[in-house]
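**Q** What shape does this take:
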Amino acid sequence: THGGVLIDPTKEIERVAGIKFKRDGVLIDPAKEVDRLVGILSVLPSKLLHPPSLVANQITALLMHLAMHPRKDSGPLASCIMDAMRANQSSGVPLTVQMYHLAIECWIKSEVDGGIDPAYGLLSALLLSNEGKEFMQPGMDPKDIDRVNSSLALFVHTLLGQSDARGDTEKEDLAKAISLVERILQLHNDINCGLVPNITSTNAILNVLSHVGDEKSADQASSLLAHVVQLHLNHSTGDIEPNTTSFAIVIHFLAKIGQVEEAEELLHRMLQLHDDGIISAKPDIFCYNSILDGLSKSNRPNASQDAENMLRTMESIGGDLSPDTVSYTSCIHAYARRRLPRRAEYMLRRMIWAYEDGDERVRPDATSFGAVANAWASSGGKEGVEKVEALVELQEELYREGSVPNMAPNVILYNALANAWAHTKTKASGDNAFRVLKTMKAQGVKPNTTTINTILKGLARSNDGKRAVIKADNIMEDTRSGKLPVSLNIISFNAYLDCLGRNGAPNACQRVTETLVRMKEVGILPNRITFNTAMNLLAKSKDSGSGKMAARILNTMEASDDPSIQPNERSYAACINAVARSSQPERAQVAYEIYQRMGKPTTQAINGVLSACSFLPKGKRQDAVRIAIELIDDLKQRSEVSPDHITFSTMLKVIGTSMPPSKEREEMVRSVFQECCEEGLLSDLVVRNLKKAVLQSVFRELIPPENGEGNNIRSEW
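**A** Here you go, the predicted model:
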C-alpha cells in the first residue's frame, strides 16, 4: 500500500522509471521516488498485472536512471533491485545482461568505499554462474556481447586505476581481475559459447595480464592478441580490429620482462599488418620507447648498438616517431650499462645539439645527465672523476645560460661525483667523496639516502683507517641528531658496518650492538648482509668477546624463518674467522662445530678452522691437531671444495705451533708439503711456514738450494 491505498507495483515501476523533472507541473525529486520504488520491489508479487517483459523494461530504465545520475547510494540501491529480482523469480520478470551491466556501472560510479567488491560479485555472477551461462549461448545478442565486454573493461579499468593511484597492485585486487580474465579466455575458446571479444575487452584483458608480469601471462597476452588478429581477418569487423593500444600493451609487457626479441618481432608484425592494409593501427613512439627500454636492460650482445640503430630508424621516419627524451635516455642507459661511457656521453651530446637546434622533444634532463655520469663513475680511476666533474660543470653552464630549462644543480649528478671518487679506491677517495657533501650544501642541493650510502661506501673502500672511521661516525651521528636530515635505509647501515670493518674500528662489539639497536629504533630489520658484515667487523676486532658475539649472531640467523636472514656460506665463514681470531681457549672446537653445521663447506671456512687451531694454549694443542687432521680428511672426501695455498700454509702453522719437535711432526710436515706440491700450490707463504715447522736440514732436503726460493720455486710446484 501507499498512503493507505492498494497499488500495483508494476505501475509504480512504470511511473517512477518514466519520471521527468516535473509531473503535473510540480517539480519532484527523482531520488526519493527511486528509494520508494526499491522498497516496493522487495515485495514484488508473484502475479503481475502487467506483462513481465514490460516490468523488466521499466526496471532496466530505473537502473539506467541510477547509472546515468550516480549518487552515493547508487550501488546499494542497484544491488537491492538485483536481490529483489533474484528473490522473486516466480514473478516471471527476467534478469538480463543489461541489468547486470547497469548494476555494475552503478557500483563503480557510486562513491561508496569498497564498491569494487560488489561490482566484482555481479560480474562474477554474470560470467561464472549457471545463470550467466544461459546468457552466453550461441547466437547471443550482439548488444549483450557489447555489454559483457564493456562491463569487464569498466571493472578492470577501475580496479587497476585504483591500484596505480596507490602506487601498487594489491594481490587480492589482481586475483579478482585474473579470475575474470581466465574465465573470459575460457569462454572465448568455447565453441558452445556466443561471447566473443571486442577490442575494448581485449585491451582490458591485456592490461590485466601485463600487471601480472610473468612469462605465463606474457604468453597468454601474445596468444590473445594473435587470436584477435585472426578473428579480425576472418570477420573483417571493426569491433575486433586491434588498435595501437593493443599492440603497445603487449610490446611494452614483453620488453619489460626481458623478451626484447619477441617485442621486436611483434613490432615488425604490426608494421606488416598495417602496410598490408589489414589493420589501420601503426606503432607509436611508446612502442619504440618500450623496446629501447628493454634493450637498455638486455644482456644480449650488441644490445646497445641495436638501441642506437633503432634510434636512427626513428629519426629517419620522423614526425610523431621522432626520438624524444625517453628514447635518447634509454639509449644512454644501454651504453652506460655496458660500461661504455664515451658512447653514452656522445648520445647525451647529440641530445643537447638537437635541443639547441630547436627540437623540443629531446630536452636533456637530470636523468640523462645522471646516466652518463654514473657510467663514468663506475669506470673508476682519475679519468672517471674528471669526466663527471666536467658533466657537473656542463650542467651548471646550461643552467646559468638558461638554454635548457630545469637544469639546476641536482642530487643525481653530485651522487655520481661522489660515486666516481668512491670508485678510485685510494686513501683520498673517502675524503673526496665526503667533500662532495660539503659542496652540495654550499650549492643548496639536498643530499638523499643514496648520497650517504655512496659516501659511506667510498670511506669503506679508502682503507684510510681511523680517519675514515671518524668521518663515518660523524655522518651517522649527524643523521641521528637531524643536522643531516636524511633517512637511512638497510644499505646505509650495512655500508657503515663495512666501513668500520675494513678500517679496523675499535670497540667492535659495542659498535655492532649500537648499530643493531639503532636499526630497531628506526624500524629497519637487519638482513643477511647486515649480520655477515657485522661478523666480518668482529673478525677483525681485538675485543675479547668478539668470537662469542659472532657465534650468537649466527645462532640468531639459523633460528630465523626469514630467508633473507638465514645464513649462507659467507655467514659461516665470517663467524668461523671471528672465532678463530678471538682469544677464547676453546676456539678450535667452537670453529670446528660451526664448520660441521655448514651445508656446503667452503675453502675460506676450512682455512678459518685451521687458523683457529693455531697458537692455542698447551692444554688445547692436542685437540687442535686432531681437528686439523679430521678437517683435511673431510676435505679429501669432498669434490665440491678444493684447498688453496692458504690451506696448506695454515696446516703447516698448526703443526708447527701445536706439536713438539718429533719424528711424527716431521713426517706430518713432509706429507703436507708433498701434497701441496702435487696440487701445484706451493707459495712464499707456504715456504715461510714450512721453514718454521721443521729443522733447517729437513727444510733444505725438501727444498734444495738448487730449486731456489721465492720467485725461483719450481713452476710445477
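**Q** biggest helix in the chain, by residue count?
**A** Of all the elements of type helix in the chain, the one with the most residues (DSSP state H) is helix 142-166.
**Q** helices or strands next to that helix in the packing?
**A** helix 97-109, helix 116-128, helix 171-188, helix 199-212 (3 or more C-beta pairs under 8 Å, 6 or more residues apart in numbering; DSSP states H and E). Using the backbone N, CA and C atoms, a C-beta is placed for each residue, glycine as well.
**Q** So for that helix, mean pLDDT?
**A** Across helix 142-166, pLDDT averages out at 83.
**Q** contact partners of it?
**A** Judged by C-beta atoms under 8 Å, 6 or more residues apart in numbering, the contacts made with helix 142-166 from elsewhere in the structure are 96-98, 100-101, 104-105, 108, 116, 119-120, 123, 126-127, 135, 169-170, 173-174, 176-177, 180, 184, 194-198, 200-201, 203-205, 207-208, 211, 239.
**Q** Indicate which one of the helices and strands packed on helix 142-166 is closest to Glu477.
**A** With respect to Glu477, and counting by C-beta to C-beta, the nearest of these is helix 171-188 at 40.6 Å.
**Q** residues in contact with that closest one?
**A** With contact meaning C-beta under 8 Å, 6+ apart, helix 171-188 is reached by 116, 120, 123-124, 127-128, 136, 152, 155-156, 159-160, 162-163, 193, 195-197, 201, 205, 208-209, 211-212, 220, 224, 227.
**Q** Please indicate which of those residues are buried?
**A** 116, 120, 123, 127, 136, 152, 155-156, 159-160, 163, 195-197, 201, 205, 208-209, 211-212, 220, 224, 227 (16 or more other C-beta atoms under 10 Å).
**Q** Give me the buried stretch members for the strand or helix carrying Pro76, please.
**A** Secondary structure from DSSP states H and E places Pro76 in helix 74-87. Taking 16+ other C-beta under 10 Å as the neighbour-count basis, helix 74-87 is seen to contain the buried residues Ser74, Gly75, Pro76, Leu77, Ala78, Ser79, Cys80, Ile81, Met82, Ala84, Met85.
**Q** What pLDDT does the model give the third one?
**A** Pro76 carries a pLDDT value of 86.
**Q** Can you lay out the helices and strands packed on helix 142-166 as CSV showing mean pLDDT and distance to Glu640?
**A** What follows is the helices and strands packed on helix 142-166, written out as CSV (pLDDT from 0 to 100; distance: least, C-beta to C-beta, whole Å):
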stretch, mean pLDDT, distance to Glu640
helix 97-109, 91, 59
helix 116-128, 87, 52
helix 171-188, 79, 39
helix 199-212, 89, 38
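**Q** and Glu514, which of those is closest to it?
**A** Using C-beta to C-beta, the helices and strands packed on helix 142-166 put helix 171-188 closest to Glu514, at 37.6 Å.
**Q** tell me the angle of that closest one relative to helix 199-212?
**A** Relative orientation of helix 171-188 versus helix 199-212 (axes from the mean of the first three to the mean of the last three C-alpha atoms, to 10 degrees): 140 degrees.
**Q** Name the helix or strand of the protein that has the lowest mean pLDDT.
**A** Every helix and strand in the chain was compared by mean pLDDT, DSSP states H and E; the lowest is strand 22-23, with a mean of 48.
**Q** Show me what stretch 409-420 is in contact with.
**A** With C-beta under 8 Å, 6+ apart as the criterion, stretch 409-420 contacts 366-367, 369-370, 373-374, 376-378, 384-385, 387-389, 391-392, 395-396, 399, 433, 436-437, 439-440, 443-448, 450-451, 454-455, 458.
**Q** 7 Å instead?
**A** 366, 369-370, 373-374, 376-377, 384-385, 388-389, 391-392, 395-396, 399, 433, 436, 439-440, 443, 445-448, 450-451, 454-455, 458 (C-beta atoms under 7 Å, 6 or more residues apart in numbering).
**Q** and Ser487, helix, strand or coil?
**A** When the structure is split into helix, strand and coil by DSSP: H, G, I helix; E, B strand; the rest coil, Ser487 lands in coil.
**Q** So it versus Met476, what's the distance?
**A** 13 Å (C-beta to C-beta, to the nearest Å).
**Q** so what sits against both of these two?
**A** Where contact means C-beta under 7 Å, 6+ apart, no residue is in contact with each of Ser487 and Met476.
**Q** between those two, who's got more neighbours?
**A** Applying other C-beta atoms under 10 Å to Ser487 and Met476 shows that Met476 carries more neighbours, namely 21 against 11.
**Q** part of a strand, is the more buried one?
**A** No: according to three-state DSSP, Met476 belongs to no strand; its state is helix.
**Q** Any figure for the gap between the closest residue to it other than its chain neighbours and Ser79?
**A** If the residues on either side of it in the chain are set aside, Met476 comes closest to Tyr496, at 5.9 Å by C-beta to C-beta, 6 or more residues apart in numbering. Note on Tyr496: its distance to Ser79, by C-beta to C-beta, is 56 Å.
**Q** now do Asn474
**A** Asn474 sits 63 Å away from Ser79, going by C-beta to C-beta.
**Q** quick one on the thing from earlier: next, the buried residues of the longest helix of the chain.
**A** Neighbour-count burial for helix 142-166, with 16+ other C-beta under 10 Å as criterion, is recorded at 144-156, 158-160, 163.
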